[in-house]
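Q: Fold the following, please.
(one chain, ligands or ions: 2)
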Amino acid sequence: MNDMHTGLKHYIDSARWFGGKGREWTLGEIRRVGTLPHSTPELTAVIELVEISYADGDQEHYQVPLALYPDSQERLEHAFIGMLDEPGLGEVHAYDALHDREAMSLWLQAFAAAADGKVTADDLAFHRVAGHELDTEAHSTLFSGEQSNSSVLFGEDSLMKVFRKVTPGVNPDVSIHEVLTRAGSDHVAALYGWLDVVDEETDSTIQLAMLQQFLRTATDGWELALASVRDLFSEADLHAEEVGGDFAGEATRLGRALAETHTTLAEHFPVDVLTGDDVADLADAMRGRLRAAIEVVPALAEHADALEHTYAALAGLDELEVQQIHGDLHLGQTLRTVRGWKIVDFEGEPAKPLAERLLPDSPWRDVAGMLRSLDYAPRAVMMTGQAADAVHEDTQEQLAYRAAEWSARNGAAFVTAYADGELTDAQQTLLAAYTADKAVYETVYEARNRPTWVDIPLEAISRLADNRTETP
Ligand SMILES: Nc1ncnc2c1ncn2[C@@H]1O[C@H](COP(=O)(O)OP(=O)(O)O)[C@@H](O)[C@H]1O
Ligand SMILES: O=P(O)(O)O[C@H]1O[C@H](CO)[C@@H](O[C@H]2O[C@H](CO)[C@@H](O)[C@H](O)[C@H]2O)[C@H](O)[C@H]1O
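A: Ligands and ions are numbered 1, 2, ... in the order given. Below you'll find the model as predicted:
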C-alpha cells in the first residue's frame with residue numbers, strides 16, 4: 001500500500017489542477033496548516049500545503065485537503081492518496097477530502113459557525129459576509145470541469161472554490177468579490193465567505209478557499225456563443241440578424257454589464273492616471289511580449305512592423321486611466337443567468353504573481369479580451385468541425401464570410417454598449433493595442449496548448465496588420 005509521500009506524488013501528478021505537468025519536479029515538505037473543527041478520531045479533516053520543487057529552481061505550494069479515516073472507505077477508493085502515520089491515531093487512510101461528503105460537511109459547518117464574522121481553529125480562519133444563511137444540510141458534489149482550482153457545490157445553495165496553487169497574500173478573486181458583493185453588484189455571484197490561514201513560516205496570510213452563491217440558472221457564455229454560431233452556420237445563406245439565436249442582444253447586455261462592473265470597481269479601488277514614461281512603458285511591455293512570442297511562434301515575425309505601429313500609437317497617448325480590472329476576461333468567464341450576465345473568476349492571469357494581479361490596469365484590457373473571444377467563437381466552430389453536418393454544400397469560404405460577419409456584428413454591439421456610443425480616437429488606439437497584445441499572447445497559448453488552433457489568433461493579427469496598412 002502507498003505511503004503518503006509516494007501516494008501524494010502520484011496523486012498530484014495526475015490532478016487536472018496541477019500546473020507543473022511536463023516539468024521535472026520533486027515533492028518537498030508536506031506541512032499541516034490546520035484541522036477542521038469537529039474532527040473526531042473516526043473522521044479527521046485536515047489541510048496540508050505541499051511544496052513542489054522544479055529542476056530549474058522554481059518552487060510552488062499546492063493545497064491538498066485530506067479526510068483521514070482509521071478504516072478503509074470503499075466509497076472513496078477513487079480518491080485514496082496513501083497511508084499516513086497520524087500522531088494519536090496511528091496508521092490512517094488518507095483521501096482527497098473534496099470527494100468526501102462527510103469531510104465537506106465539516107467545512108460547511110465551519111463556515112456556518114462563523115455566522116457573519118469569523119471563526120478560528122488552529123491557525124485556520126473561516127470568514128463570512130453578512131446577508132445569506134447557509135443551507136448546512138446540503139450535500140456536496142465535486143465539480144468535474146477543466147479547472148485550475150477545485151470547486152465543490154453544496155446542494156443548489158453555495159459553491160466553494162478551493163485554491164490549489166497558493167501564495168501568501170490577498171487572492172484577487174476573494175478581495176474583488178468581497179468588494180463587489182458589499183457594493184451590491186448585479187454582475188457577480190455574491191461572496192458568502194472565505195477561508196485563510198496565517199502561515200507561521202512567512203507570518204503572512206494565505207487564502208485557501210472562497211464560498212459563493214451558486215448561480216443555479218447559469219449557462220456558460222462561451223457555450224451560448226457557440227450555439228448562436230451553429231444556428232447561423234446552419235442557414236449560411238442568411239445574415240446573423242435573420243436567423244434564430246442572434247447573439248447581438250446578449251453582446252449588448254454583456255457590454256453594459258462590464259461597464260457597470262468597471263464603474264463599481266473604480267469606486268472602490270484606487271484609480272490612477274498614467275502619463276509620459278508610464279504610458280511608454282506599457283507599450284514597451286507589449287513589445288517585449290511580442291519579441292518573446294516570436295521565439296515560440298516565428299510566423300508572428302512578418303506582422304511585427306504593423307504591430308509596432310499599433311504599440312507606437314499607444315505610446316503616443318498623453319494619458320490613460322488605470323484601475324482594478326478583471327484581467328483575464330473571455331466568454332468562458334461569463335455566465336448568463338435569468339437575472340442577466342455574471343462575471344466569474346477575478347483571479348487575474350494565473351501566470352502572474354498575486355501582487356502584480358492587484359495592480360491597476362487599463363479597463364480596455366478586459367474589453368479587448370472579450371472582443372477576442374467574440375472573434376474566436378465562430379472560428380472555433382469551424383475549427384472543431386461542429387459546422388460539418390449543418391452546412392452540406394456551403395463552402396468554407398461562405399462560412400468564413402459568415403464567421404467574420406458574426407464577430408463584427410457582436411463585437412460592435414459589445415463595444416458600443418460598453419462605451420455607450422462611438423469610441424473616441426484615444427479609446428480606439430487603446431483597444432487596438434490591447435487587442436493586438438491579447439492576440440499575441442493567444443498565439444503562444446495555442447502553440448503550447450492547442451497547436452491546431454494557432455491560426456485563430458494568427459489570422460486575427462494578420463487582419464489587424466492589413467487594417468493598419470490600409471489606414472493612412
Ligand atoms: N457562482 C457560480 N455558480 C455557478 N457556476 C459557477 C459559479 N462560479 C463559477 N462557475 C462555473 O465554474 C467554472 C469554473 O469557475 P472559475 O471561477 O473560472 O474556476 P477556475 O479558477 O478553476 O478556472 C466556470 O466556468 C463556471 O462554469
Ligand atoms: O480560462 P483561463 O483563465 O485558463 O484562460 C486561458 O485559457 C483560455 C481557453 O480556455 C484562453 O482563451 C482563448 O480561447 C477561448 C476559447 O477556448 C477564447 O474564448 C478566448 O478569447 C481565447 O483567448 C485564454 O487566452 C487563456 O489565458
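Q: Geometric centre of the chain: which residue is closest?
A: Relative to the mean C-alpha position of the chain, the nearest C-alpha, by CA atoms, centre = their mean, is the one of Asp345, at 4.5 Å.
Q: Give the closest residue to that residue in space, chain neighbours not counted.
A: Here the nearest residue to Asp345 in space, its sequence neighbours aside, is Gln333; by CB to CB, 6 or more residues apart in numbering that works out to 5.0 Å. Yep, even glycine has a C-beta here, placed from its N, CA and C like the rest.
Q: My guess is the one you found contacts His326. True?
A: Yes - Gln333 is within contact range of His326, at 7.1 Å (criterion: CB atoms under 8 Å).
Q: Look at the two and report which has more neighbours.
A: Between Gln333 and His326, counted using other CB atoms under 10 Å, the more crowded position is His326 (26 against 21).
Q: Quickly note the distance from the more buried one to Ala432.
A: Relative to Ala432, His326 is positioned 20 Å away (criterion: CB to CB, to the nearest Å).
Q: in the sheet, who's paired with the closest residue to Thr202 other than its chain neighbours?
A: In space, not counting the residues next to it along the chain, Thr202 is nearest to Pro168; the distance is 5.1 Å by CB to CB, 6+ apart. For Pro168, the beta-bridge assignment (DSSP bridges) gives partners Ile206.
Q: neighbours around Pro168, how many?
A: There are 16 residues near Pro168, going by other CB under 10 Å.
Q: Around ligand 2, pick out the residues from the protein.
A: Proximity of the chain to ligand 2 (CB under 6 Å from any ligand atom) is limited to residues 222, 328, 330-332, 372-373, 376, 380, 442, 445.
Q: Switch the residues you listed over to CSV; also include secondary structure.
A: Supplementary listing: the residues of the chain next to ligand 2 in CSV, determined by DSSP: H, G, I helix; E, B strand; the rest coil:
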residue, secondary structure
Trp222, helix
Asp328, coil
His330, coil
Leu331, helix
Gly332, helix
Arg372, helix
Ser373, helix
Tyr376, helix
Ala380, helix
Glu442, helix
Tyr445, helix
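Q: Name the nearest of the residues you listed relative to ligand 1.
A: For ligand 1, the nearest member of these is Gly332. The distance, counting by CB to the nearest ligand atom, is 5.8 Å.
Q: what sits against the nearest residue to the closest one once chain neighbours are set aside?
A: Distances taken as CB to CB, 6+ apart place Trp222 nearest to Gly332, at 4.4 Å, with adjacent residues excluded. Contact partners of Trp222, counting by CB atoms under 8 Å, 6 or more residues apart in numbering, are 330-332, 334, 373, 377.
Q: And the pLDDT at Trp222?
A: According to the prediction, Trp222 has pLDDT 97.
Q: and it, how far is that from Gly255?
A: Taking CB to CB as the criterion, Trp222 is separated from Gly255 by 17 Å.
Q: now Met160
A: Relative to Gly255, Met160 is positioned 31 Å away (CB to CB).
Q: returning to what we had before: so which of the residues of the chain next to ligand 2 reach ligand 1?
A: Answer for the residues of the chain next to ligand 2 near ligand 1 (CB under 6 Å from any ligand atom): Gly332.
Q: ok, back up a step: pull the most distant pair out of the contacts of Trp222.
A: Spatially, the most separated pair among the contacts of Trp222 is Thr334 and Ala377, at 12.2 Å (CB to CB).
Q: what about the closest residue to Trp17 other than its chain neighbours, neighbour count?
A: Counting by CB to CB, 6+ apart, Trp17 lies nearest to Arg164, which is 4.1 Å off, once chain neighbours are set aside. Using other CB under 10 Å, Arg164 has 21 neighbouring residues.
Q: I'd like the distance between Arg164 and Glu347.
A: Using CB to CB, one gets 11 Å for the distance from Arg164 to Glu347.
Q: so where do the strands sit in the stretch 201-350 of the chain?
A: 204-213, 219-220, 272-275, 319-322, 334-337, 340-343 (DSSP state E, counting those that start in this stretch).
Q: Tell me which of those lies nearest to Thr136.
A: Comparison of those against Thr136 by CB to CB identifies strand 204-213 as nearest, at 12.1 Å.
Q: And for the closest one, what's in contact with it?
A: By CB under 8 Å, 6+ apart, the list of residues contacting strand 204-213 reads 33, 47, 49, 63, 107, 111, 124, 132, 134, 158-163, 166-171, 173-174, 177, 189-199.
Q: Check the residues you listed one by one and keep those near ligand 1.
A: Of the entries in the contacts of strand 204-213, those that also sit close to ligand 1 under the rule CB under 6 Å from any ligand atom are 159, 161, 189.
Q: Could you check the pLDDT of the second one?
A: Meaning Lys161. At Lys161, the predicted lDDT confidence score is 96.
Q: Hmm, it is touching Val174, no?
A: No - checked against CB under 8 Å, the pair Lys161 and Val174 is beyond contact range at 9.3 Å.
Q: Taking the stretch 251-400 of the chain, what residue is nearest to ligand 1?
A: Here the stretch 251-400 of the chain gets closest to ligand 1 at one residue, Asp345, 3.4 Å apart by CB to the nearest ligand atom.
Q: What values do phi and psi take at that residue?
A: Backbone dihedrals for Asp345, given as degrees, to the nearest 10, come out at phi 60, psi 70.
Q: now swap in the one 10 residues further on and tell me
A: As for Ala355, its main-chain torsions (degrees, to the nearest 10) stand at phi -60, psi -40.
Q: what's the model's confidence in stretch 133-148, averaged?
A: 88.
Q: That one: how far from the chain's middle?
A: For stretch 133-148, the gap between its own C-alpha mean and the chain's C-alpha mean amounts to 18 Å (CA atoms, centre = their mean, to the nearest Å).
Q: quick one: low-confidence parts of the stretch 351-472 of the chain?
A: Counting by pLDDT under 70, the stretch 351-472 of the chain shows low-confidence ranges at 386-394, 468-472.
Q: How is this structure divided into domains?
A: Using automatic domain parsing, the domain ranges for the chain come out as 4-96, 102-213, 219-465.
Q: can you give me the helices for the stretch 251-400 of the chain?
A: Ranges of helices within the stretch 251-400 of the chain are 276-296, 304-315, 354-357, 363-383, 388-391, 396-419, based on DSSP state H, counting those that start in this stretch.
Q: what separates the residue in the chain positioned nearest to ligand 2 from Gly327, distance-wise?
A: Taking CB to the nearest ligand atom as the measure, the point where the chain comes nearest ligand 2 is Ser373, at 3.4 Å. Using CB to CB, we find Ser373 at a distance of 14 Å from Gly327.
Q: Out of the two, name the residue with the larger neighbour count.
A: More neighbours sit around Ser373 than around the other of Ser373 and Gly327, counting by other CB under 10 Å; the figures are 25 against 21.
Q: Surely that one and Leu331 touch.
A: Yes - counting by CB under 8 Å, Ser373 touches Leu331, with 4.2 Å between them.
Q: Now the common contact residues for those two.
A: Common neighbours of Ser373 and Leu331 are listed as 222, 225 (criterion: CB under 8 Å, 6+ apart).
Q: how about the residues of the stretch 51-200 of the chain near ligand 1?
A: 145, 147-149, 151, 159, 161, 189.
Q: Buried members of those into ChimeraX, please.
A: Taking 16 or more other CB atoms under 10 Å as the burial criterion, the selection of buried members of those in ChimeraX is written as:
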select :149,151,159,161,189
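Q: now the contacts of Trp222 as CSV including distance to Leu423?
A: Putting the contacts of Trp222 into CSV (distance: CB to CB, whole Å) gives the following:
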residue, distance to Leu423
His330, 21
Leu331, 21
Gly332, 25
Thr334, 22
Ser373, 19
Ala377, 22
